[in-house]
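Student: Sequence isn't available, so here's the structure alone:
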């Protein structure tokens, strides 16, 4: 669970949904057709919840959409409250799915999704120091947000695959992490660059990028959208990589000047290897000599990515490196295999855009 949640002091935090209308004597939920128990307190709009609201937006993204309308309710902690909450939802016809759960010195945190017909909600149940907060919101799903249209040729959808958070998911003030060659770093989004083709003046270089203030040093860095991720483990941390990747492609850049005209040419050497990541937890790696290595991949322990081994048993980690340049010019998603052995060179990975 996102550690930033525990940074919010949970002062008087709880709500629970009662299944029986006869017992539901408290304030009525603005999201579903039921009331809370009489000791519940709706605190939607409280400025103290700003950081928690950012965490809820991240949960909504992980659940497959974005928040439309949110609600926050508090109550004193009692044994069995969470069970009462989930039973109440189920009795109202909702399907409850637990997405993530954690227990540590800061408290207990559950991330969940509930659905009924065309209605989907995502939420966080956070309990600490004898109090609990329920924060949840109705979702606008990605399918509803994008009308059907003719799309360019893409690779076929793969069962178990998850999309990387689309650019614009993270807002100013959100805590995020981003990947650099020396590992993952945390920070706060300071500025969101323009969408492709929407830049004005000199901000074209910031298209589809986030300006992030690092937490470890006083420094702002522009980061490609494909390098930026949530702090909490989400399905796309591994699901994004499911599918077929071409490995080992190389690029050469040649710039020439004729009179006052400068010309830059890009040439590519074809991929010599292939890596197939399967949703069932297995992989197939066809290396340059035609040898195929099969095994089980594992989730990278430090952030988004998956870990595989080559024919010699050496460990490699696949990381997302999708960027606007590769998307626009070549219509490709890009990643990179990083070796655990520093004497080895990394391998570029690409595949057709499938979003």
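Tutor: On my side now, so go ahead. What you are looking at is a predicted structure, and each value in this text was computed from that prediction instead of being measured.
Student: which residues in the stretch 151-300 of the chain form strands?
Tutor: 175-180, 183-192, 209-214, 220-224, 228-229, 243-247, 250-258, 261-269, 273-277, 282-286, 292-296, 298-299 (DSSP state E, counting those that start in this stretch).
Student: Mind checking the pLDDT average for stretch 178-190?
Tutor: Stretch 178-190 shows a mean pLDDT of 91.
Student: Mind listing residues that contact that stretch?
Tutor: Identification of contacts with stretch 178-190 by C-beta atoms under 8 Å, 6 or more residues apart in numbering yields 170-177, 210-216, 220-221, 223, 227-229, 231, 302-304, 319-320. Heads up, the C-betas are built off the backbone N, CA and C, glycines and all.
Student: again with stretch 170-177
Tutor: By C-beta under 8 Å, 6+ apart, stretch 170-177 touches 2, 4, 50-51, 54, 57-58, 184-192, 210, 212, 228-231, 303.
Student: Excluding sequence neighbours, find me the nearest residue to residue 57.
Tutor: residue 67 (5.7 Å; C-beta to C-beta, 6 or more residues apart in numbering).
Student: Just name whatever secondary elements the helix or strand hosting that neighbour is in contact with.
Tutor: According to DSSP states H and E, residue 67 maps onto strand 65-76. Counting by 3 or more C-beta pairs under 8 Å, 6 or more residues apart in numbering; DSSP states H and E, the packing neighbours recorded for strand 65-76 are strand 41-42, helix 50-62, strand 119-128, strand 131-141, helix 142-145.
Student: Give me the angle between it and strand 131-141.
Tutor: Strand 65-76 and strand 131-141 are oriented at 160 degrees to each other (axes from the mean of the first three to the mean of the last three C-alpha atoms, to 10 degrees).
Student: Which other helices and strands does the following helix or strand past strand 65-76 contact?
Tutor: Counting by DSSP H and E, the next helix or strand C-terminal to strand 65-76 is helix 81-91. Applying 3+ C-beta pairs under 8 Å, 6+ apart, one finds that helix 81-91 contacts strand 95-104, strand 119-128, strand 131-141.
Student: Can you list the helices and strands that the first one packs against?
Tutor: Secondary-structure packing of strand 95-104 (3+ C-beta pairs under 8 Å, 6+ apart): helix 50-62, helix 81-91, strand 107-116.
Student: and with 7 Å instead?
Tutor: Here strand 95-104 touches helix 81-91, strand 107-116, going by 3 or more C-beta pairs under 7 Å, 6 or more residues apart in numbering; DSSP states H and E.
Student: Give me the buried stretch members for that strand, please.
Tutor: By neighbour count on 16 or more other C-beta atoms under 10 Å, the buried set for strand 95-104 is 99, 100, 102.
Student: Lowest-scoring secondary structure element of this protein by mean pLDDT?
Tutor: Every helix and strand in the chain was compared by mean pLDDT, DSSP states H and E; the lowest is helix 142-145, with a mean of 40.
Student: on that earlier part again, separate out the buried members of the contacts of stretch 178-190.
Tutor: Buried, going by 16+ other C-beta under 10 Å: 170, 174-177, 210-212, 221, 223, 227-229, 231, 303-304, 319-320, out of those.
Student: any idea how far residue 300 lies from residue 99?
Tutor: Residue 300 sits at a distance of 19 Å from residue 99 (criterion: C-beta to C-beta, to the nearest Å).
Student: whoops, I mixed them up, residue 189
Tutor: From residue 189 across to residue 99, the span is 23 Å (C-beta to C-beta).
Student: try residue 320
Tutor: Taking C-beta to C-beta, one finds residue 320 at 20 Å from residue 99.
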